[in-house]
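**Student:** Quick one, fold the following:
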Amino acid sequence: MIFIVFLILSFSGAAQIKVTGTVKSNDGIPLLGVTIMEGGSMANGVTTDFDGNFSIELSGSNNELVVSYIGFVTQTIPISEGAAITVILEEDLEQLSEVVVVGYGSVKKSDLTGSVTSVEMDNIPSKPSNSIDGLLQGQVAGVQVVAASDTPGAGAVVRIRGGSSLRGGNDPLVVVDGFPIGYAGDLKQISPQDIASMEVLKDASAAAIYGSRGANGVIIITTKKGAKHSTEVTVSQQNTFTRFTSDLNLWRDPILMAELSNESRVNGGFTPIYIGARDANGVYYPSVGELKNGDWSYNTRWDDVVFRDPVSNNTNLAIRSQTDRTQFSLSTTYYTNEGVYIDDDYEKLNINLNVIHKIYDDKVTIGGNVIYSKGNRNDNGGLAYWRNPIFPVYLEGNPSNDYFLAGSQDYSNPIALTENRTNKNKFLDFIGSAFVEIQFIPTLKLKTQVNHKFGRSITDYYNPKKYTEDGTFNNGSGGVSNWESSETVAETFLTFNDTFKEKHSITAMAGFSYQGYEARTSDLKAYDFLNESLGNGNLAAGNPEKQSVANGLSETVMYSGLGRLNYSYEDKYLATFTVRTDGSSKFGANNQWAMFPSGALGWKLHKESFIENLNVFDEFKLRASYGISGNQGISPYLINSRYGQDQYYVNGRWQTTIGPGYVVGQDSQSGKKTWGGIPNPDLKWETTAQFNLGADIAFLNNRIKITADYYKKSTSDLLRERLLSPSSSYDKMWVNDGEIENQGVELTLDGAIVAKEDWGLDAMVIFSKNKNKVVSLGDALASGLNTDALTGFKYEFSGNQVEAFRSVPNILAIGQPINVFYGYKVDGIIQSEAEGLAAGLTGDLAQPGEFKYKDLNEDGVIDENDRAIIGNPNPDFIASFNLNARYKNFDFSLFFNSSIGQDVFNTKAFSEPSNTPLRWTQDNTTNNYPSLRDGRTIYMSDWFIEKGSFLRLQNLSVGYTIKDLQTAWLKKGRIFMNGTNLFTLTDFKGYDPELGGDGIYWGGYPKLRNWTLGVELTF
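**Tutor:** Coordinates of the predicted model:
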């Protein structure tokens, strides 16, 4: 046997052919890491070294080499024994632009079977931004982005294909360079200038590889690496000037304000206040006559006192370099954001370092990424710009300029608050990643990556004894709140990639993941200060008997196993199978582990002869997928008995109680605290099953591209709080109960209308329609559901109470969209008492000038049985339009964004200076507005519902790029101007209808219009 083996090896060795050579790009640069495979073999291969050289021994049965490299056209090279060859690879421009990053790998876009959208970074507006998520608005079909607010440093609300959960979290997962850093909404650690590419994974097949963390979709961000075979230095400077998009709706005429105030109080049976006398608080209110004849000289423009014209700054410096072995990138961004309120400021410094290095003949690659972010926030928002204009800022004739206060309980003088109150926050974030990638053979590689994230936040606050309600009640109050968290994610996965017999292509990946999270909090409070000179800098100055100390610790762990198989036959028939198993410490022993599988199929019809012969389609691919994902977005320890503490202020001192349960909420009207903490050891994963059917079509030499998707996803075993019977001694308990459903269509039309050397015109239209529905809310009796008297559907109230109505506007109703509005219907205004009585109203509600509520059940009485669904805050569809044009070195872009069909509950529909003068009177018997009457009982009704559809010119940009500079040190320069929120077309009567969520409009101030001037230089 030994002799036979020796003979076989001898003959084999004698037949081997050794080939050496060099691989270069078409510009003569040696290429590192090019794969050289023996033709017809799947195991015999090598890669080029740093100088592009290779050496391979062939079996002799095949006399050709297959040379492949990502981003270049694959070549088959015939060889002869003893010859040294030089291979010149041509760049595959189409492939370079079509490679997309998916979870734990990358794939050509043409081979995608799931619903994945690549965001063109050139289309992202060039404006200073705290985070990238807000700039995603209108860029991806099926992704809804609503700005949380215009306050400095504010993030955005991001939803992919609607909300999948009621309480378990709906934010998409964000992955940066392979590190799942958290959820979308406030990505302040990542500067938009550092992003090279961004992919949005929408369906279950694409996102299932991230298991429970990808239940609401995934946003994958790849940061910029080293410049190709060179060193580049980029400097950019942007300054943004901010103004309101419309005038403020404030009282400019104090005479009319006083007249209407007196009228409202008289109608309500109260004594008018504008009569030239002092009120119960000792504040003098001039009479209407004094205001008319000028005897009262004050007419303060509080908006001029409170607001400013802010200027924000964004400075970025980046150095990027690449050699044959090493890629290096270092960037820093300094960002400041002034709010429209005086002294309302935000600043942040970001530093991003990325290094990748190849060792051991290119078979081992190591790398790391460090992101450091540090900032400050001085919160001075919410000042009373609506304050009564007859009030001055300071007391008249007071040499010390004491602030004017309308009584001892006036806590809204904005200058007094600005100069005496403290509310500051300092934050720090550190994100670090390190990886090693080993290429065992050309078809098999192993990658291990360890990630760590650390965050810290410190908030200092102090409310003085005077000017603030909390400080006055407590004789001064202050504190320090600390938050600190750390997260470690370690992942290892093995990837196999090969092609068999030139028809079968397989990519298989299997791996393991560990995630550990810890958060610590502490809150130190002091009251009853003897000395306020240091504020919260000396909490010991507070009364020791009233001091409060609280701290918390939260720890979670999750282990995961994951795998994916991509198969392609003849580059026409595609299949993807993914499975991930997650084990979370948030659930009990019987439910800790769950498996989330998915599968997808693709068919490239354009490669079939019956389609190819039509000579119409450059691409025609059908996709279908189905998968299941989980959600564990709840607090830990809900499976355990919880013990807590609470404090009560009784007989001049704080009393502390400790025992089972803890406070989970408080009723805004009664002040009653809601208690939870009862354990549920049977809690399990919330589960979302999603089906997706899509098509990718391109024609006219890929100048016109269409992507269409239909999806349906159903979330069951909802993680939510259920009401308990009073006998349990608790109010709420976490359970798995209920089901919601989302289904919709997405359409993207992308066209290169003109593509010439000097001219270019591109346009993109995005359309998304999502319809959600509450399918189940669990057992009606156990969940304490209400029954609608008219139709019998079951419902529960959802969200916050509006105090003016003493009711919650939104409900979750079985068979209805999420958060529909529930209340009474109004049939105009009562013109006579007889009309009011005939409508079933009594007392003050039946008087002329009151709302005429409809008696829906026709029982002759207006009561809660006459309520019905009166509106839907969910849009019928959202759409956007992008237009990009260029002429030589000039570029121009427009971006329109719209949301159509949603209703808005306008809490300010009859309390603004623009609408109260339209009230009903005996001389103005309008049927549109009620009379003015203090103390009126107002029902939640459709009179406050308005259409919230809008079309907004979201962004306009004009730029000029300086190219072909006759200098060795400056490669390129660009100057630009950018405008956002330029105008909005809408029938909504408030400042801005773009709300999202519950659809309740609370007022505020107009949306901000930003003008940005910028310059970018590349050296």
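
**Student:** List the residues that contact the residue nearest to residue 832 when sequence neighbours are not counted.
**Tutor:** Excluding the flanking residues, the one nearest residue 832 by Cβ to Cβ, 6 or more residues apart in numbering is residue 848, at 5.6 Å. Where C-beta positions appear, they are placed from N, C-alpha and C, glycine not excepted. Counting by Cβ atoms under 8 Å, 6 or more residues apart in numbering, residue 848 touches 830, 831, 832, 833, 835, 836, 920, 922, 925, 931.

**Student:** Surely residue 848 forms part of a helix?
**Tutor:** No - applying DSSP: H, G, I helix; E, B strand; the rest coil, one finds residue 848 to be coil, outside a helix.

**Student:** picking up where we left off before, what subset of the contacts of residue 848 is buried?
**Tutor:** 830, 835, 836, 920, 931 (16 or more other Cβ atoms under 10 Å).

**Student:** From what I see, the last one and residue 850 are in contact.
**Tutor:** Yes - the criterion here is Cβ atoms under 8 Å, and residue 931 meets it with residue 850 at 7.2 Å.

**Student:** So for residue 856, what's the nearest residue that isn't a sequence neighbour?
**Tutor:** residue 866 (4.5 Å).

**Student:** Check which residues of stretch 800-815 are buried.
**Tutor:** Buried residues in stretch 800-815, counting neighbours by 16+ other Cβ under 10 Å, are found at 802, 805, 807, 808, 809, 810, 811, 812, 813, 814.

**Student:** any weak-confidence spans in the stretch 201-350 of the chain?
**Tutor:** Applying pLDDT under 70 to the stretch 201-350 of the chain picks out residues 227-229.

**Student:** where do the strands sit along it?
**Tutor:** 218-223, 231-244, 277-278, 284-285, 311-322, 326-338, 345-359 (DSSP state E, counting those that start in this stretch).

**Student:** go on, the stretch 551-700 of the chain?
**Tutor:** Secondary structure of the stretch 551-700 of the chain by DSSP E, counting those that start in this stretch: the strands cover 573-584, 593-604, 617-631, 643-650, 653-660, 662-666, 673-676, 686-699.

**Student:** Dump these to a markdown table, plus distance to residue 48.
**Tutor:** Output for the strands of the stretch 551-700 of the chain, formatted as a markdown table (distance: least, Cβ to Cβ, whole Å):
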| stretch | distance to residue 48 |
| --- | --- |
| strand 573-584 | 30 |
| strand 593-604 | 31 |
| strand 617-631 | 32 |
| strand 643-650 | 64 |
| strand 653-660 | 68 |
| strand 662-666 | 62 |
| strand 673-676 | 63 |
| strand 686-699 | 34 |
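
**Student:** In a markdown table, list these along with mean pLDDT and mean neighbour count.
**Tutor:** Formatted as a markdown table, the strands of the stretch 551-700 of the chain follow (pLDDT from 0 to 100; neighbours: other Cβ atoms under 10 Å):
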| stretch | mean pLDDT | mean neighbour count |
| --- | --- | --- |
| strand 573-584 | 93 | 21 |
| strand 593-604 | 93 | 20 |
| strand 617-631 | 92 | 22 |
| strand 643-650 | 70 | 12 |
| strand 653-660 | 70 | 11 |
| strand 662-666 | 73 | 14 |
| strand 673-676 | 76 | 17 |
| strand 686-699 | 93 | 21 |
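
**Student:** For residue 37, which of these is the nearest?
**Tutor:** In terms of Cβ to Cβ, the element of those nearest to residue 37 is strand 573-584, at 22.5 Å.

**Student:** Who are the packing partners of that closest one?
**Tutor:** Counting contacts by 3 or more Cβ pairs under 8 Å, 6 or more residues apart in numbering; DSSP states H and E, strand 573-584 packs against strand 548-569, strand 593-604, strand 617-631.
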